[in-house]
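Asks: I would like to see how this sequence folds:
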Amino acid sequence: MNKSCTPNLIILGAPIGEVAFFSSFIASKRAAASTLLSSLVKLGSCDPQIALILLCMCGGFTKLVHVACSTPPSLALDELHTFDEQVRCTFTECQAIDTTDSSWIQAQLSLSRGGLGLRSLAHHSNAAFIASISTAGLASPSDNFLADAVNSYNRCVPPESAIDINSLTSSPCRQHTLSAALENIQFNSLFSQSSVADKARLLSVSSPHASAWLSVVPSPGLGLSLDPNEHQMAIKWWLRLNTSPGSPPCALCPEHPLDPLGHHAVTLLQTCHRACISAKAEAGSGLGHELRNTRPADILASNWLCGKPAAFDLTVVSPLNPTFISEAGRTAGSAAVAAELRKHSANDAKCSELRWTCIPLVAESYGAWGSEAVQAFSRLASYLATRTNSPKSKVVCSLYGRLNLTLVRANARALLLRCGCSLQEGDSSSS
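Replies: Below you'll find the model as predicted:
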């Protein structure tokens with residue numbers, strides 16, 4: 001090891017020394033990260049979908065998280081706040097979207113909470129530092145930097161989530177657990193200030209698998225990409241940014257004004273899209289004319305469970321529908337549950353007559369799936385995992401990613417068409 005003649009050292013990427021040295025070190029790291037952010041802005045003008053994935057995976061939180069873990073928050077906070085603002089500006093420029101404060105709070109949430117995964121370094125710096133020190137076995141109640149971090153963290157969370165600094169030596173904290181508590185506070189704060197419609201949206205986007213489309217690796221050849229206009233509209237719709245400023249009349253039915261949440265456009269699309277799917281799926285069923293027109297199945301699986309056929313009936317419902325919105329603003333997935341019950345009421349008798357099992361595949365417009373669809377997809381993923389010799393978890397992610405990207409693309413196109421925008425040539429064929 002080289003001998004140092006100054007009190008300032010960098011060991012394993014972490015600064016040790018005087019306060020001024022900490023500041024200059026973190027500033028240099030932020031400046032280096034800024035180069036990547038500038039490149040992402042350029043990429044965003046061509047492919048905002050890939051730019052967003054790179055910003056989430058390696059351009060934002062992950063770029064300086066080691067600094068947050070190894071540097072006392074009180075010494076790094078100003079630089080981390082500055083970097084957070086740079087990330088927000090990068091997102092705004094590469095996606096060509098102006099964010100509001102509430103939409104940016106949602107964007108900073110993890111995918112499982114309905115966000116984009118653009119986590120704030122400044123907001124999570126205390127959690128990162130506490131977890132790093134405690135898991136390394138270096139926690140001490142007499143450490144002033146650790147005590148400051150614990151006190152700052154405890155001021156942000158409810159009493160039941162507070163940390164006892166004396167217990168850190170025997171019970172180390174995981175950053176995932178600490179950050180989850182912070183995200184719960186952010187989500188609940190956002191939720192409490194929202195309208196009923198926005199509460200229904202937040203509960204739906206934060207449901208299991210709803211955000212799977214954001215993790216899909218873009219691939220035009222596999223139909224897993226969005227063009228720039230589709231992606232921009234999808235992000236606006238996801239974050240509750242105004243998709244139709246000024247509520248202009250719908251381009252396809254001028255008697256109806258467009259709403260900021262895009263409910264009018266998406267609901268009408270679902271009706272048309274489902275009709276097209278039904279016609280295509282049932283046309284090739286090979287059944288007699290009378291039975292084909294009355295059978296309650298969009299897809300018939302002849303050997304689903306114990307040799308019994310399953311009638312899959314696909315439908316998409318909006319939690320913003322007046323029929324569902326009140327309960328959807330209180331209970332996640334309630335619109336899907338109601339649609340499942342409606343499908344059973346309409347189809348069970350006919351399925352029983354045909355000795356089929358009725359399985360509604362219900363999706364909410366924001367990507368939340370009903371419980372029966374989740375069970376069916378889990379079974380299907382088990383079959384696929386066995387046949388392809390792949391981990392089931394990987395197959396599940398791939399399945400929901402493809403399904404929800406298809407749903408989001410259809411919603412984005414509906415919004416674009418209703419706003420009077422033309423789709424790129426050939427787009428209709430890939431939906």
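Asks: as a whole number, average confidence for stretch 154-168?
Replies: On average, the pLDDT along stretch 154-168 is 93.
Asks: Next: stretch 30-40.
Replies: For stretch 30-40, the mean per-residue pLDDT is 92.
Asks: same deal with stretch 53-61?
Replies: Average pLDDT, stretch 53-61: 93.
Asks: Buried ones in that stretch, by neighbour count?
Replies: Neighbour-count burial for stretch 53-61 flags Ile53, Leu54, Leu55, Cys56, Gly59, Gly60, Phe61 (criterion: 16 or more other C-beta atoms under 10 Å). The way it works is simple: take the backbone N, C-alpha and C, and place the C-beta from them, glycine included.
Asks: where does the stretch 1-150 of the chain have low pLDDT?
Replies: 1-5 (pLDDT under 70).
Asks: For Arg402, which non-adjacent residue is spatially closest?
Replies: Closest residue to Arg402 apart from its sequence neighbours, by C-beta to C-beta, 6 or more residues apart in numbering: Leu224 at 6.6 Å.
Asks: sorry, back to before: so, if you compare the buried residues of stretch 53-61, which one comes nearest to Val67?
Replies: Using C-beta to C-beta, Phe61 comes nearest to Val67 of those, at 11.0 Å.
Asks: ok, that closest one to Gln175 distance?
Replies: Using C-beta to C-beta, to the nearest Å, Phe61 is found at 11 Å from Gln175.
Asks: between those two, what contacts are shared?
Replies: Jointly contacting Phe61 and Gln175 under the rule C-beta atoms under 8 Å, 6 or more residues apart in numbering are His124.
Asks: residues near Ser207, how many?
Replies: Residues within reach of Ser207, counting by other C-beta atoms under 10 Å, total 20.
Asks: Next one: the closest residue to it other than its chain neighbours relative to Cys56, how far apart?
Replies: Distances taken as C-beta to C-beta, 6+ apart put Ala368 closest to Ser207, at 3.4 Å, once the chain neighbours are dropped. Using C-beta to C-beta, Ala368 is found at 21 Å from Cys56.
Asks: same deal with Ser171?
Replies: In terms of C-beta to C-beta, Ser171 sits 31 Å off from Cys56.
Asks: same check, this time on Gly329
Replies: From Gly329 across to Cys56, the span is 28 Å (C-beta to C-beta).
Asks: Equivalent analysis for Phe129, please.
Replies: As judged by C-beta to C-beta, Phe129 and Cys56 stand 22 Å apart.
Asks: Quick one: mark the members of the buried residues of stretch 53-61 that sit in helices.
Replies: Residues of these located in helices (DSSP state H): Ile53, Leu54, Phe61.
Asks: Make CSV out of the residues you listed and add distance to Gly307.
Replies: Formatted as CSV, those follow (distance: C-beta to C-beta, whole Å):
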residue, distance to Gly307
Ile53, 43
Leu54, 48
Phe61, 50
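Asks: Among these, which one lies nearest to Leu399?
Replies: Closest to Leu399 out of those is Ile53 (19.1 Å), distances taken as C-beta to C-beta.
Asks: can I assume Leu52 is in contact with Thr92?
Replies: No - counting by C-beta atoms under 8 Å, Leu52 stays clear of Thr92, with 11.7 Å between them.
Asks: Who has more neighbours out of those two?
Replies: More crowded of Leu52 and Thr92, by other C-beta under 10 Å: Leu52, with 26 against 15.
Asks: got the contact list for that one?
Replies: Neighbouring residues of Leu52 by C-beta under 8 Å, 6+ apart: Gly44, Phe91, Cys94, Gln95, Leu116, Leu214, His231, Ile235.
Asks: Counting neighbours, which of the residues you listed comes out on top?
Replies: Phe91 (27 neighbours).
Asks: you'd agree that residue is up against Leu55?
Replies: Yes - assessed by C-beta under 8 Å, Phe91 is found in contact with Leu55 at 6.4 Å.
Asks: Check the contact lists of the two and give me the overlap.
Replies: Each of Leu118 lies in contact with both Phe91 and Leu55 under the rule C-beta under 8 Å, 6+ apart.
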